[in-house]
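**Q** Here's my sequence, what's the structure:
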Amino acid sequence: MILTSARPRRRRWPIVITAAAAVTMTVAACSSSSSSEKSGEATITVAVTANPLMTTIEKLTPAGFEATHPGIKVKFVTYDENTERANVEKDVAAHGGQYDVVMIGPNDIASWAKNDWISDLTKDANSDATYDVNDLLPPIRQALSSNGKLYAVPFYGESSFLMYRKDMFAAAGVTMPANPTWDQVAAIADKLNDPTKGVAGICLRGLTGWGDNLASFDTVVNTFGGQWFDTNWNAHLTDPAFVQAANFYVNLIRKDGEKGAGNDSFNECLNIMQQGKAAMWYDATVAASTIDAPPSPIAGKLGFAPAPVEKTTSSGWLWSWALAQESASKHKSAAWQFMDWATSKTYISYDASKNGWAAVPPGTRTSTYENPDYKASAKDFAALTLQQINSVNVNQPGVSPQPVPGVQYVGIPEFEDFGQKVSAELTAAIDGQESVSEFLQKSQTIAQNAVKQAGYKQ
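**A** Next comes the predicted model:
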């Protein structure tokens, strides 16, 4: 997701979700170790990020889950992405138990499992034959596991790709290459950029956040041959390849990107595309399930292409917004029953019955991509999404070896802090508050000091 999730996906346009909005719904019954669950009463609190697919499950939970599980209440607490991450990490680290189910990503799995902040779900997942844990896409399942144990179940999974308006391309006499390079994308963006009509050549993330602007920026760094650290934890943010990638990304946004890009991430670019204010958008593959499905005003007008490359053969990221169980939860049985339903084949089919197959949560199950109804409804993007997910090499997404796995992030807990600081410098460069050189010099120092202080480099 990151970011990505980018994070992003469904039904009202534009989407406005208040950062601490809580939606309480009655659902399901079960028993658990707590006294309330033993008596058939349980309320579980589920912390999620604000995006269209999560809006949908909130709406579907009462009728879809309540009918077969009377007695459990589900309280959704919805935050923007950065707030959700901060609030959830604070609670799990303190073993507070404020939330029973939390939405997290692959970057959290190893350290949170090691710290006993989240529960091992392997037994639960394997004990339910209908859940079919082996149906989970291998790259996504692996990303949510640690030491062979499953610690989160995927609500949706994603890589990244390029989305573009076929009608705008046709009007300008432009053709999207089958496997575009970033240089080709920049040339197209320059041709289609039309400030007089309020249309940007491309929409890219500029909002501060290690899961916001760094998600897309880091894939550019990877394919340009740059890297954050070598295997000895030497930072390389001022190396020529990293400098080239940074100049390219910042200058592309400044020249042909959307106005005010420093305020934009997934949801903002989604709305910009839907409003016809951008010709292209590079972001999470999950966007297709919203932007190219009813009632999106531009459904059917979109084309899709692989994540642009430069020196590598592929360059998409790998992310999953997944559901994990706080180890401090007092309602573990009820929490698992909800997680089981929310990430199951049953939920995907139920969502399809209400909203159409093209709009179901993508990137989680092999069966989804084998389903003829899904393949027909999502024919423009389904196969490419699966291809992008399967093309990711989390151990070496760029041209050089790296010390830890991770594509659009450095896979250590400390990255959430120093990545956020570097991200803020990137936003400052995008907004013209500092030069790219200043952004990289500051970021080099931030990154190198961070891994020294954490003890990775002596």
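
**Q** count of neighbours near Y156?
**A** Number of residues near Y156 (other CB atoms under 10 Å) recorded here: 29. Glycine gets a C-beta too; all of them are placed from N, C-alpha and C.

**Q** Can you name the helix or strand that the nearest residue to it once chain neighbours are set aside falls in?
**A** What sits nearest to Y156 in space, not counting adjacent residues and going by CB to CB, 6 or more residues apart in numbering, is P361, at 3.9 Å. Using DSSP states H and E, P361 sits within no helix or strand.

**Q** my guess is P361 contacts E158, does it?
**A** No. Judged on CB atoms under 8 Å, P361 makes no contact with E158 at a distance of 9.9 Å.

**Q** shared neighbours of the two, anything?
**A** Shared contacts of P361 and E158, defined by CB atoms under 8 Å, 6 or more residues apart in numbering, comprise V286.

**Q** Which one of those two is surrounded by more residues?
**A** E158 (35 against 26).

**Q** ok, the more buried one touching P362?
**A** Yes. Taking contacts as CB under 8 Å, E158 lies within contact range of P362: 7.2 Å.

**Q** which residues are common contacts for those two?
**A** Looking at what touches both E158 and P362 (by CB under 8 Å, 6+ apart), the common residues are 285-286, 385.

**Q** In the stretch 101-250 of the chain, mark out all the helices, start to finish.
**A** Using DSSP state H, counting those that start in this stretch, the helices of the stretch 101-250 of the chain run over 106-114, 122-127, 138-143, 166-172, 182-192, 213-223, 240-256.

**Q** Could you pull up the contacting residues of Y151?
**A** Per CB under 8 Å, 6+ apart, neighbours of Y151: 109, 112-113, 118-121, 144-145, 324.

**Q** from these, which ones fall inside strands?
**A** The strands, defined by DSSP state E, take in 145, 324 from the contacts of Y151.

**Q** now the contacts of Y151 in TSV, with neighbour count?
**A** Output for the contacts of Y151, formatted as TSV (neighbours: other CB atoms under 10 Å):
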residue	neighbour count
I109	24
W112	24
A113	21
I118	22
S119	20
D120	17
L121	22
L144	25
S145	20
A324	28
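
**Q** out of the contacts of Y151, who's nearest V74?
**A** Proximity of those to V74, judged by CB to CB, is greatest for A324, which lies at 15.7 Å.

**Q** burial count for S315?
**A** When neighbours are counted by other CB under 10 Å, S315 registers 29.

**Q** Tell me how the chain divides into domains.
**A** 21-158+320-354, 160-317+381-458 (automatic domain parsing).

**Q** tell me the mean pLDDT over the longest one?
**A** Per-residue confidence for domain 160-317+381-458 averages out to 97 on the pLDDT scale.

**Q** Quick one: end-to-end distance for it.
**A** Start-to-end span of domain 160-317+381-458 (CA to CA, to the nearest Å) is 35 Å.

**Q** For stretch 84-93, which residues meet the burial criterion?
**A** 84-85, 87-89, 91-92 (16 or more other CB atoms under 10 Å).

**Q** Narrow those residues to those in helices?
**A** Members of those lying in helices (criterion: DSSP state H): 84-85, 87-89, 91-92.

**Q** would T45 count as being in a helix?
**A** No. T45 is assigned strand when assessed by DSSP: H, G, I helix; E, B strand; the rest coil, not a helix.

**Q** Could I get the contacting residues of it?
**A** Here T45 is in contact with 75, 77, 98-101 (CB under 8 Å, 6+ apart).

**Q** Repeat the analysis, applying 10 Å as the threshold.
**A** Shown in contact with T45 (CB atoms under 10 Å, 6 or more residues apart in numbering): 22, 24, 73-77, 97-102, 326, 329, 331, 335.

**Q** if we can go back for a sec, okay, the domains of the chain in TSV with distance to K375 next?
**A** Below are these laid out as TSV (distance: least, CB to CB, whole Å):
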stretch	distance to K375
domain 21-158+320-354	12
domain 160-317+381-458	6
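
**Q** Render the CA-only coordinates of stretch 84-102 in CSV, please.
**A** Extracted C-alpha coordinates of stretch 84-102, given in CSV (Å, rounded to 0.1, in the frame of the first residue of the first chain):
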residue,chain,number,x,y,z
GLU,A,84,-4.5,4.4,11.8
ARG,A,85,-0.9,3.2,11.8
ALA,A,86,0.1,5.5,14.7
ASN,A,87,-3.0,4.6,16.9
VAL,A,88,-2.8,0.9,16.3
GLU,A,89,1.0,0.7,16.9
LYS,A,90,0.6,2.6,20.1
ASP,A,91,-2.1,0.3,21.4
VAL,A,92,-0.5,-3.0,20.4
ALA,A,93,2.9,-2.0,21.8
ALA,A,94,1.2,-1.2,25.2
HIS,A,95,-0.9,-4.4,25.0
GLY,A,96,-3.8,-2.1,25.5
GLY,A,97,-6.5,-4.2,23.8
GLN,A,98,-8.4,-1.1,22.6
TYR,A,99,-8.8,-2.9,19.3
ASP,A,100,-9.5,-6.6,18.7
VAL,A,101,-8.8,-6.6,15.0
VAL,A,102,-6.4,-4.2,13.3
